[in-house]
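Undergrad: no FASTA, just this:
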């Protein structure tokens, strides 16, 4: 009698941990978007009068619980997209191209419709930007290469198992992080419609096993090099050195919260104060250091981590006119090493900004242990 009961419990447990479905794994998506520029500051002297039209081609993959973070993030989709933008007033603003890596998080799923939020980060390329002589009317961005960020909130309507109708609202942003002025950035609000197609169906098992994080606590040591332009549209370009140490706590296999202290050094400011005899060399260097406290959250999608942080300057940082700042970006984590796989290195990039104005674009490296 005990054996049949044990077998029944085993079958029930397996059905809860692995659900077999007949679905597509890979998909291709094509979208058309009508866009409108958001004039987020009065300093922008011109925006396109006509509508911007955009076409997107994307490819993504379903997750079925093969990795611990799949379950923690409700089985998201990950993929890449290529987007073409044809701006209004094309002679002034030209065209734009964006190549992004995105993650699609599902909010709910029904037999009729799926609701999702999609976040994408990548590189953008503009064919026209500010030029004092040839294009003075475009003071939004000052360089060809930009960082791009997009957020989409949408619905997938199930026309069949292999074809879904996509309707969504999308926000997209282009910025060079003040590496080249002007850099007010392009903000676009877009209505999105398109089709998502699964070329091939297959039978897959959703692994619903709950996995707890193997580690809970982490120390993060990080060094970053920022690049920014200052003192006018044709002003010099400076570096910013950023060192930080933080404590992180894993809330799941796919998320960690962190807090720490950062020290920034601006050698351009030190040189300016000393060369213009405004202070001694020692005091000039001391004035170029800025200390801040920060905290934030990072979502881990495999080896890629997307983070957002908020910082507060320590009193006495005279060179910062705003009391708080924001950082958003991503890290790529290399393979773990050392005793019990307790160490891992990473490389990353991010933008630091005060409210809606970027201070600098930063590349970074560091170690977690």
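TA: Now that the structure is in, tell me what you want to look at. Nothing here was measured: the structure is a model prediction, and the numbers come from that model. Residues are numbered from 1 along each chain as shown.

Undergrad: can you list the weak-confidence ranges in this structure?
TA: Applying pLDDT under 70 to the chain picks out residues 1-19, 231-234, 270-282, 284, 317-321.

Undergrad: at 50 what do you get?
TA: Along the chain, the parts satisfying pLDDT under 50 run over 1-2, 5-16.

Undergrad: list the buried residues in stretch 108-120.
TA: Within stretch 108-120, the residues that count as buried by 16 or more other C-beta atoms under 10 Å are 114, 116, 118-120. Where you see a C-beta, it was placed from the backbone N, CA and C, and this is true even at glycine.

Undergrad: and those as a markdown table, adding secondary structure?
TA: A markdown table is the format used below for those (DSSP: H, G, I helix; E, B strand; the rest coil):
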| residue | secondary structure |
| --- | --- |
| 114 | strand |
| 116 | strand |
| 118 | strand |
| 119 | strand |
| 120 | strand |
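
Undergrad: output these in TSV, with distance to residue 78 appended to each entry.
TA: Below are the buried residues of stretch 108-120 laid out as TSV (distance: C-beta to C-beta, whole Å):
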residue	distance to residue 78
114	16
116	13
118	10
119	11
120	10
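
Undergrad: ok, so of those, who is nearest residue 367?
TA: Nearest to residue 367 out of the buried residues of stretch 108-120 is residue 119 (C-beta to C-beta; 25.9 Å).

Undergrad: against residue 253, how distant is the closest one?
TA: Distance of residue 119 to residue 253, given as C-beta to C-beta, to the nearest Å: 19 Å.

Undergrad: also residue 205?
TA: To residue 253, residue 205 is 19 Å away according to C-beta to C-beta.

Undergrad: now do the same contact list for the nearest residue to residue 89 once chain neighbours are set aside.
TA: Nearest non-adjacent residue to residue 89, counting by C-beta to C-beta, 6 or more residues apart in numbering: residue 48, 4.4 Å away. Residue 48 is in contact with 37, 87-89, 92-93, counting by C-beta atoms under 8 Å, 6 or more residues apart in numbering.

Undergrad: same thing but at 6 Å, please
TA: Contact analysis of residue 48 by C-beta atoms under 6 Å, 6 or more residues apart in numbering lists 37, 87-89, 93.

Undergrad: with residue 69 instead?
TA: 253-254, 300.

Undergrad: so when I look at it, I'm seeing a helix, right?
TA: Yes: according to three-state DSSP, residue 69 belongs to a helix.

Undergrad: need the nearest residue in space to it, chain neighbours excluded.
TA: Spatial nearest neighbour of residue 69, excluding adjacent residues (C-beta to C-beta, 6+ apart): residue 254 at 3.8 Å.

Undergrad: so that neighbour sits against residue 75, correct?
TA: No: at 11.3 Å, residue 254 does not count as touching residue 75 under the criterion of C-beta atoms under 6 Å.

Undergrad: give me the more crowded residue out of the two.
TA: residue 254 (23 against 17; other C-beta atoms under 10 Å).

Undergrad: gap between that one and residue 349?
TA: From residue 254 to residue 349 the distance is 21 Å (C-beta to C-beta).

Undergrad: what about residue 128, how many residues close to it?
TA: Neighbours of residue 128 using other C-beta under 10 Å come to 19.

Undergrad: which ones are touching it?
TA: Residue 128 is in contact with 93-94, counting by C-beta under 6 Å, 6+ apart.

Undergrad: same thing but 7 Å
TA: 92-94, 135, 138 (C-beta atoms under 7 Å, 6 or more residues apart in numbering).

Undergrad: excluding chain neighbours, what is closest to residue 222?
TA: Excluding its sequence neighbours, the residue lying closest to residue 222 (C-beta to C-beta, 6+ apart) is residue 366, at 3.5 Å.

Undergrad: helix or strand: which one has that neighbour?
TA: According to DSSP states H and E, residue 366 maps onto strand 357-368.

Undergrad: strand partners of that strand, parallel vs antiparallel please.
TA: Strand 357-368 sits in its sheet next to strand 217-229 (antiparallel), strand 344-354 (antiparallel), going by DSSP bridges.

Undergrad: for residue 247, find the nearest of these.
TA: strand 217-229 (6.1 Å).

Undergrad: list the contacts of that closest one.
TA: When contacts are defined by C-beta under 7 Å, 6+ apart, strand 217-229 is touched by residues 178-181, 235, 237-249, 256, 258, 352, 359-369.

Undergrad: after that strand comes which helix or strand?
TA: Using DSSP H and E, the first helix or strand after strand 217-229 is strand 237-252.

Undergrad: got JSON lines for the contacts of residue 69, with distance to residue 168 too?
TA: Below are those laid out as JSON lines (distance: C-beta to C-beta, whole Å):
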{"residue": "253", "distance to residue 168": "28"}
{"residue": "254", "distance to residue 168": "24"}
{"residue": "300", "distance to residue 168": "25"}
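
Undergrad: residue 148: which of the residues you listed is nearest?
TA: Residue 148 has its nearest neighbour among the contacts of residue 69 in residue 300, at 21.6 Å by C-beta to C-beta.

Undergrad: list the buried residues of the strand or helix carrying the closest one.
TA: Element membership for residue 300, per DSSP H and E: strand 289-301. In terms of neighbour count (16+ other C-beta under 10 Å), strand 289-301 has its buried residues at 289-290, 292, 294, 296, 298-301.

Undergrad: how close does the nearest residue to residue 246 once chain neighbours are set aside sit to residue 220?
TA: The shortest distance from residue 246 to any non-neighbouring residue, by C-beta to C-beta, 6+ apart, is to residue 260 (2.7 Å). For residue 260, the distance to residue 220 equals 7 Å [C-beta to C-beta].
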